[in-house]
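Trainee: Please find the sequence and the predicted model below.
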Amino acid sequence: MSAPHTNPLDHPEVRMASAWRYISGFIASMVLMQAAFIVTLRQHPPYEQYALTIAGLALASLVSQAALFFGLDISRAQIWKSVSLVLTVPLFVLSVGLTVWMFQSLAARTMLMPATTMQPTLLQ
């Protein structure tokens, strides 16, 4: 009743890991976060361009981390990681978006001051 023992180094996830991927992922993350930090410190562009720049740098950082750290790709061995990402991202975006909407509408209904004196928020 003993289970067959296989070599764990033959497993696709173990073969995928390498020091080069982790080091290049770390360097890419540091460069993109430093670029976002510099953009935040300068604050010269208009708000819309500023927000799009920060969002683009964050998206590039997430993609580089997903590809280099987590090894997400479209290969047959990694299909379940990709499926879990495809199912998780819309839920995450929906939950964050609904939370922002809830607090935005809650603030408008519960604040005692008139709406004209309120500071513009993220959704305005």
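Mentor: Yep, it's here.
Trainee: Which positions within whichever strand or helix holds V63 qualify as buried?
Mentor: Following DSSP states H and E, one finds V63 within helix 47-68. For helix 47-68, the neighbour count (16 or more other C-beta atoms under 10 Å) marks 57, 60-61, 64-66, 68 as buried. In short, each C-beta sits where N, CA and C put it, glycine included.
Trainee: could you point out which element follows that helix?
Mentor: helix 79-110.
Trainee: relative to helix 47-68, how tilted is that following helix?
Mentor: If you take axes from the mean of the first three to the mean of the last three C-alpha atoms, to 10 degrees, helix 79-110 sits at 150 degrees to helix 47-68.
Trainee: Give me the mean pLDDT for helix 79-110.
Mentor: For helix 79-110, the mean pLDDT works out to 85.
Trainee: buried ones in that helix?
Mentor: Buried, per 16+ other C-beta under 10 Å, within helix 79-110: K81.
Trainee: Next one: the closest residue to Q43 other than its chain neighbours from V83, what distance?
Mentor: Of all residues not flanking Q43 in the chain, Y50 sits nearest, at 6.6 Å (C-beta to C-beta, 6 or more residues apart in numbering). In this view, Y50 and V83 are 35 Å apart by C-beta to C-beta, to the nearest Å.
Trainee: quick one: least confident helix or strand in the protein?
Mentor: Of all helical and strand segments in the chain, the minimum by mean pLDDT, DSSP states H and E falls on helix 12-16, at a mean of 65.
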